[in-house]
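Novice: whatever this is, show me its structure:
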Amino acid sequence: MSDIDSSDSETSWQECEDSIEPTDHEVVTCIFTGKPFPGAEAYFLHLKTEHNFDIWNLVHVELGLDFFGYVKLINFLRTNYKGKSVPTASELLSQKEVWASDESLLKPVVENDPLLQFIIDADVEDDADFVSRPETSGVNGGAGEHHDPAMNVALTRENLSLALASNASLTGQVSEMKMRISEMKRVMQDIMIKNGEIYRPVSACRKPFDHDDDDQEDEEFEDSGYFRSYDHFDIHREMLQDKTRTCAYRDAMLKNPGLFAGKVVLDVGCGTGILSMFAVKAGAKCVYAVERSDIASSATANIYQNGMADKITILHTSVEEIELPVKHVDIIISEWMGYFLLYESMLDSVLHAASKWLAPDGVMLPNQCSIILAAADAEGSFSRYVSYWDDVYGFKMPCMKTSVLREASVLNIPAKDVISTKAEVFDIAIDRNTSQRQLDFKSDFSVRALRDGKCSAIVGYFDVNFILPEEKVTLSTEPVEPGSGKETHWKQTVFFLPTPVSVKKDQLISGHIDCRKNPTDPRSLLVDLVFNGEKRQYTIS
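Specialist: You can find the predicted model right below:
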């Protein structure tokens with residue numbers, strides 16, 4: 001925020017005021033009757049005075065909602081209470097488990113609904129209370145108790161000081177409120193883009209860069225930590241030493257030289273430059289290697305050291321901002337996969353590059369991928385990560401256990417712990433026509449128990465394929481035996497159950513999975529898993 005004494009102060013204030021002006025004057029359609037009201041504030045005041053429906057108390061006291069919970073509440077009411085009487089707080093509370101967990105309610109029922117752009121601030125109720133002093137209601141003493149002029153002057157000064165202090169406090173609160181409204185609108189616009197469908201791409205993390213602000217860091221992303229994590233050599237060493245990963249990419253290129261001969265290649269997220277060098281070795285005419293993190297300088301040195309500077313160009317920027325000296329590229333290579341395949345959402349950037357730069361007959365590597373689930377009797381891991389909190393040096397720590405169960409774990413699960421067949425829940429071809437929207441998925445699944453045991457977790461992993469003319473190559477992150485040399489740095493994604501479930505050999509184990517980007521942090525994932533009749537939500541972050 002700019003300092004209030006800066007020369008841009010008046011302009012900044014005016015822009016903030018202009019940005020919220022439509023919200024104050026847009027017509028609001030009543031949820032229950034369809035009657036128009038001149039703005040959200042007037043509408044909520046009507047509900048409170050005429051129907052005893054206090055939205056502030058409902059959101060912050062009765063239901064305890066955050067911003068997204070408030071959005072779901074408004075859309076739930078618009079969907080289910082049109083033409084009906086105003087519900088009570090207890091009625092909404094009894095249904096909360098249903099509507100508060102329904103992500104589809106983030107989609108607006110009414111396009112550009114002013115109610116969804118109205119902040120129900122937790123401090124507003126307190127701000128409505130003003131200091132009241134009956135004995136100082138007038139300079140003449142009000143009720144006649146203070147007739148001393150000196151006393152009246154002193155009381156007037158005291159009241160003036162209180163008013164000035166209150167005004168200064170309110171001015172600061174108004175400024176903060178305007179900024180919060182502006183930010184809330186920006187988030188809602190991201191979520192409601194493209195015909196109102198629920199979607200917030202990674203590009204929504206971008207912040208506009210103010211070149212006139214000398215104090216602003218040279219960083220254009222909310223998720224700057226994501227790129228900075230790739231500045232350090234250790235993460236690149238881990239990836240390069242993952243032989244299953246690196247050799248799969250090497251084999252896909254070197255065993256398909258006819259595909260690469262004389263071609264122009266784009267390497268998205270080149271890191272140390274290893275894939276670019278494989279591409280040149282396979283016969284590529286030239287490679288444009290894009291890397292946003294500061295490891296780009298090391299990649300440049302690596303390219304020169306290996307005598308490939310005439311064929312590989314390092315571009316230190318994000319792929320969304322590159323400008324290439326060619327109209328199209330023939331091949332896009334990228335190692336974009338994260339935990340559970342889709343964590344980090346780097347594929348979004350790769351798809352953006354494909355839509356802009358890949359030739360109509362171009363090839364992407366890898367070009368097919370899938371996510372697989374299986375049941376596991378992972379007694380050792382369950383004891384170490386979940387039941388451990390039942391007895392910590394003689395103390396119970398159930399809150400820690402609850403936190404562990406909310407977040408998926410990334411672990412190596414030995415192949416011997418897998419007690420079921422596998423089920424493919426997601427499969428997608430990767431080409432220039434693939435949409436980012438295809439990366440959220442829902443699927444039923446069913447696996448068969450291979451032996452008697454206790455299912456303590458559902459294990460997720462992924463396979464990616466390089467389906468090419470000369471030789472197909474597969475990179476799998478499936479559970480393997482320790483020490484086999486086939487483990488990957490992705491390991492497996494483990495969804496622990498709160499209590500292990502006994503299963504018998506040949507028993508059918510069924511469930512449902514719903515995986516999607518987290519609307520507030522699109523690099524992380526939200527996963528709803530229905531298993532054994534119970535629905536649980538996990539985060540992958």
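Novice: quick check: phi and psi at the closest residue to Gln436 other than its chain neighbours.
Specialist: Leaving aside its chain neighbours, Gln436 sits nearest to Asp348 (5.1 Å; criterion: Cβ to Cβ, 6 or more residues apart in numbering). (C-beta placed from N, C-alpha, C; glycine too.) Taking degrees, to the nearest 10, you get phi -60, psi -40 for the backbone angles of Asp348.
Novice: what is the burial count for Asp348?
Specialist: Residues lying near Asp348 (other Cβ atoms under 10 Å) number 21.
Novice: cool, Pro325 as well?
Specialist: Pro325 has 7 nearby residues by other Cβ under 10 Å.
Novice: sec struct for it, please.
Specialist: coil (DSSP: H, G, I helix; E, B strand; the rest coil).
Novice: and it, how far is that from Ile312?
Specialist: Pro325 sits 14 Å away from Ile312, going by Cβ to Cβ, to the nearest Å.
Novice: for Asp330, same thing?
Specialist: Applying Cβ to Cβ to Asp330 and Ile312 gives a distance of 15 Å.
Novice: any idea how far Tyr43 is from Leu266?
Specialist: 52 Å.
Novice: who's more crowded, those two?
Specialist: Leu266 (31 against 22).
Novice: just the CA trace of stretch 427-437, in PDB.
Specialist: Backbone C-alpha positions of stretch 427-437 (Å, rounded to 0.1, in the frame of the first residue of the first chain) are rendered in PDB as follows:
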ATOM      1  CA  ASP A 427      -6.300 -40.700 -18.000                       C
ATOM      2  CA  ILE A 428      -5.500 -37.900 -20.400                       C
ATOM      3  CA  ALA A 429      -3.600 -37.400 -23.700                       C
ATOM      4  CA  ILE A 430      -1.400 -34.300 -23.700                       C
ATOM      5  CA  ASP A 431      -1.400 -32.300 -26.900                       C
ATOM      6  CA  ARG A 432      -1.900 -28.800 -28.100                       C
ATOM      7  CA  ASN A 433      -5.700 -29.200 -27.800                       C
ATOM      8  CA  THR A 434      -5.700 -30.300 -24.100                       C
ATOM      9  CA  SER A 435      -7.400 -27.800 -21.900                       C
ATOM     10  CA  GLN A 436      -6.500 -26.900 -18.300                       C
ATOM     11  CA  ARG A 437     -10.100 -27.600 -17.400                       C
END
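Novice: which SSE is Lys401 in?
Specialist: Taking DSSP states H and E as the definition, Lys401 sits inside helix 398-406.
Novice: just for the stretch 201-350 of the chain, where's the confidence low?
Specialist: By pLDDT under 70, the weakly predicted segments of the stretch 201-350 of the chain are 201-233.
Novice: can you give me the strands in it?
Specialist: All strands of the stretch 201-350 of the chain, identified by DSSP state E, counting those that start in this stretch, fall at 264-268, 286-290, 312-315, 329-333.
Novice: deepest-packed of the ones you listed, please.
Specialist: The highest mean neighbour count among the strands of the stretch 201-350 of the chain, using mean count of other Cβ atoms under 10 Å, belongs to strand 264-268: a mean of 27.
Novice: residues in contact with that one?
Specialist: Residues outside strand 264-268 that contact it (Cβ atoms under 8 Å, 6 or more residues apart in numbering) are 273, 275-276, 279, 284-290, 319, 324, 326, 328-334, 336, 346, 349-350, 353, 357-358.
Novice: what's the answer for stretch 499-506, then?
Specialist: 375, 377, 379, 382, 419-420, 448-456, 509, 531-532.
Novice: kindly report the same for stretch 440-449.
Specialist: 373-375, 419-423, 425-426, 455, 503-517.
Novice: now, those that are in strands?
Specialist: Of the positions in the contacts of stretch 440-449, 373-375, 423, 425-426, 455, 503, 508-517 sit in strands, assigned by DSSP state E.
Novice: buried subset of the contacts of stretch 499-506 as a PyMOL selection?
Specialist: In PyMOL, a selection of the buried entries from these looks like this (16 or more other Cβ atoms under 10 Å):
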select buried, resi 375+377+382+419+420+448+449+450+453+454+455+456+509+531
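Novice: before we move on, the earlier item: from the contacts of stretch 440-449, which would you call buried?
Specialist: Neighbour-count burial (16+ other Cβ under 10 Å) is assigned, among the contacts of stretch 440-449, to 373-375, 419-420, 422-423, 425-426, 455, 503, 509, 511, 513-517.
Novice: please name the bridge partners of Leu526.
Specialist: Arg516, Thr539 (DSSP bridges).
Novice: which residues sit in contact with it?
Specialist: Per Cβ under 8 Å, 6+ apart, neighbours of Leu526: Glu103, Cys515, Arg516, Lys517, Asn518, Gln537, Tyr538, Thr539.
Novice: any idea how far it is from Gly380?
Specialist: Taken as Cβ to Cβ, the span from Leu526 to Gly380 is 28 Å.
Novice: next: Val27.
Specialist: Counting by Cβ to Cβ, the gap from Val27 to Gly380 is 62 Å.
Novice: okay, and Arg448 sits in which element?
Specialist: Per DSSP H and E: strand 441-448 holds Arg448.
Novice: give me the below-cutoff pLDDT ranges for this structure.
Specialist: Ranges of the chain meeting pLDDT under 70: 1-25, 119-233.
Novice: please repeat the previous calculation with a cut-off of 50.
Specialist: Scanning the chain with the threshold set as pLDDT under 50 gives 1-25, 123-146, 189-231.
Novice: quick one: contacts of stretch 91-105?
Specialist: By Cβ under 8 Å, 6+ apart, stretch 91-105 touches 58, 62-63, 65, 69, 71-73, 75-76, 79, 198, 516, 526, 535, 537.
Novice: start to end distance for it?
Specialist: One end of stretch 91-105 sits 18 Å from the other (Cα to Cα, to the nearest Å).
Novice: buried sites along it?
Specialist: Leu92, Lys96, Trp99, Ala100, Glu103, Leu105.
Novice: does the second one count as helix, strand or coil?
Specialist: The local conformation at Lys96, judged by three-state DSSP, is helix.
Novice: chain center to the strand holding Arg448: distance?
Specialist: 24 Å (Cα atoms, centre = their mean, to the nearest Å).
Novice: partners of that strand, with directions?
Specialist: Strand pairing (DSSP bridges) places strand 441-448 next to strand 508-518 (antiparallel).
Novice: using CSV, list the CA coordinates for the partner strand.
Specialist: Taking Å, rounded to 0.1, in the frame of the first residue of the first chain, the C-alpha atoms of strand 508-518 are listed here in CSV:
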residue,chain,number,x,y,z
LEU,A,508,-14.5,-55.8,-3.7
ILE,A,509,-13.3,-52.4,-2.4
SER,A,510,-15.2,-49.4,-4.0
GLY,A,511,-15.1,-45.7,-3.6
HIS,A,512,-15.1,-42.3,-5.3
ILE,A,513,-12.5,-39.6,-5.8
ASP,A,514,-12.9,-35.9,-6.7
CYS,A,515,-9.6,-34.1,-7.4
ARG,A,516,-9.4,-30.4,-8.2
LYS,A,517,-7.3,-27.3,-7.8
ASN,A,518,-7.6,-25.5,-4.5
